[in-house]
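Asker: Using only what follows, build the 3D model:
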Amino acid sequence: MNRLSALLLKSLFAVALIGSAQVHALEGAPVAKADPAKGEAIYSSGDASRGITACVSCHGAAGNSTIVQNPKLAAQHEAYTIKQLHDFKTPQRTNAIMTPIAKALTDDDIKNLAAYLNVQVQKPGAARNKDTVELGKRIYRAGIAEKNVAACAGCHSPNGAGVPAQFARLAGQHQDYTVAQLFNFRTGARNNSVQMTTIAKRLSDDEIKAVSDYIAGLK
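Answerer: Numbers count the residues shown, from 1 in each chain. All right, here's what the predicted structure looks like:
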């Protein structure tokens, strides 16, 4: 081996070592933890410089929306909130208000918001239609066998608390919001859950309204 070849091999070996060290450094780098305090700042004040509107104006103090068309976000599981905000950036779940806001949020912003909302206490709701609450209860707890509709409780738990990182918390949610989302799943306007799309298509308008009303009273 001549001197030039030896120098070339040494240079390539040095480059390989540097590259390997960089990879290991990245692999060992700690993942930034979510910061609820930063999430609260965005939620309460937004960030005008990035076109981010304060969440509180639509979703209420500490995630307790008083506008029935807008969901309560308090106590929602972090993983679910993170997924929905990312989905708003895609055609799967478009919304004239939420899509531009979600696109302006960084991954860290989203994690921080989700962490903040997860630890808020949700104000309870209430069923308001006594004539349909039993129908809603049956659908939620037992499903509709003849329509092949599974019980909501099977995924979202008997008390509507959901399952962290898998299924959303539903308890106490506004009736109007839940009705709108089930209609959206049925029509394809919201297309980010195959399970929910399938179920919603099998429910009548009256069944959707009944189960949504029952969900509002869960605690």
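Asker: And the helix or strand hosting Y140, what's buried?
Answerer: For Y140, the element it lies in under DSSP states H and E is helix 133-142. Residues of helix 133-142 classed as buried: 133, 135-140 (neighbour count, 16 or more other C-beta atoms under 10 Å). From N, CA and C alone the C-beta is placed, and that goes for glycine too.
Asker: With stretch 43-59 instead?
Answerer: Counting neighbours by 16+ other C-beta under 10 Å, one finds that the buried residues in stretch 43-59 are 43, 46, 52-53, 55-56, 58-59.
Asker: Tell me which two in those residues are the farthest apart.
Answerer: Using C-beta to C-beta, the pair of the buried residues of stretch 43-59 lying farthest apart is I52 and H59, separated by 13.4 Å.
Asker: what's the domain layout of this protein?
Answerer: Here the domain parsing of the chain from automatic domain parsing is 1-29, 36-118, 133-216.
Asker: Compare these and give me the one nearest P124.
Answerer: Nearest to P124, of these and by C-beta to C-beta, is domain 133-216 at 5.1 Å.
Asker: In this protein, where is pLDDT below threshold?
Answerer: For the chain, the stretches with pLDDT under 70 are 1-31.
Asker: how does it look with 90?
Answerer: 1-32, 165 (pLDDT under 90).
Asker: measure the most centrally placed residue in it to D213 for me?
Answerer: Closest to where the C-alpha atoms of the chain average out (C-alpha atoms, centre = their mean) is T81, at 2.6 Å. For T81, the distance to D213 equals 24 Å [C-beta to C-beta, to the nearest Å].
Asker: So which of the buried residues of stretch 43-59 sit within helices?
Answerer: Applying DSSP state H to the buried residues of stretch 43-59, the entries found in helices are 43, 56, 58-59.
Asker: Now do the contacts for L105.
Answerer: Listed by C-beta atoms under 8 Å, 6 or more residues apart in numbering, the contact set of L105 reads 42, 52, 85, 113.
Asker: same thing but 7 Å
Answerer: 52, 85 (C-beta atoms under 7 Å, 6 or more residues apart in numbering).
Asker: Look up how far S57 lies from it.
Answerer: Counting by C-beta to C-beta - L105 and S57 are separated by 16 Å.
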